[in-house]
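Asker: Show me the folded form of this:
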Amino acid sequence: RVIAIMLGLPEDEWPVLARESATLGLALNVTIAEDLPKIEAALANLYGYVDEVIADRRRSPRDDFVTTLVQAEVDSDRLTHDELRDSMILLIFGGFDTTRNQLGLAMQTFMRHPDQWDLLAERPDLGPAAVEEVMRVNPTTTWVTREALEDFTFQGLEIEAGTTVHLFTESAGTDPLAFPDGGFDITAERPAHFGFGG
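Answerer: Reported below is the predicted structural model:
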């Protein structure tokens, strides 16, 4: 529901979006060959859905994310229909998949730290800090991959253009050199976590 609301899609359509997104996730499994017909059908369904949404926002702009994406322009350059469609599919899939997984990991983290769960119940204002702290210690996105666009040196390490670099966000968020007190504390002031490319 949250992802549907954030994107400006009808909230009551979330079950369909969630089902198709979960089916797309089968593409990440080792059983992809046998699941391919289901995956392709889900992708076709999402393409059809997104095409209708894009056409609707072009006809009737709204104050929502999809309209913003459809109308986005930089130096007279706009996204093509295929770019819009692919962006929407990635936002739907990524939003449902990571949100679902991150919620489960948050509950796992609080089960290991019931005192922090009790504190959050007493102080709901700590909600935003709790989200950030969970994503620091138990993120759904455990690494971020980037490609170097140019040669550069980082802390004495020469990295050539074209090199694939994997940034391990979970390890960075729990590194004892960076977080000597370690632990999980929703009241602690921390630097921003590295999830989602941060």
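Asker: what's the offset of the lengthiest helix in the chain from the middle of its chain?
Answerer: Using DSSP state H, we find that the single longest helix of the chain is helix 81-112. Its chain's average C-alpha position is 5 Å from that of helix 81-112, according to Cα atoms, centre = their mean, to the nearest Å.
Asker: That helix packs against which elements?
Answerer: helix 2-7, helix 14-24, helix 32-59, helix 65-71, helix 114-122, helix 127-137 (3 or more Cβ pairs under 8 Å, 6 or more residues apart in numbering; DSSP states H and E). Yep, even glycine has a C-beta here, placed from its N, CA and C like the rest.
Asker: Any stretches of this structure with poor pLDDT?
Answerer: Applying pLDDT under 70 to the chain picks out residues 196-198.
Asker: residue with max distance from the center of it?
Answerer: The C-alpha centroid of the chain is most remote from residue 156, which lies 31.5 Å away (Cα atoms, centre = their mean).
Asker: Please convert the helices and strands packed on helix 81-112 to JSON lines, extending it with mean neighbour count and distance to residue 95.
Answerer: Below are the helices and strands packed on helix 81-112 laid out as JSON lines (neighbours: other Cβ atoms under 10 Å; distance: least, Cβ to Cβ, whole Å):
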{"stretch": "helix 2-7", "mean neighbour count": "16", "distance to residue 95": "4"}
{"stretch": "helix 14-24", "mean neighbour count": "18", "distance to residue 95": "8"}
{"stretch": "helix 32-59", "mean neighbour count": "14", "distance to residue 95": "12"}
{"stretch": "helix 65-71", "mean neighbour count": "17", "distance to residue 95": "11"}
{"stretch": "helix 114-122", "mean neighbour count": "13", "distance to residue 95": "24"}
{"stretch": "helix 127-137", "mean neighbour count": "19", "distance to residue 95": "15"}
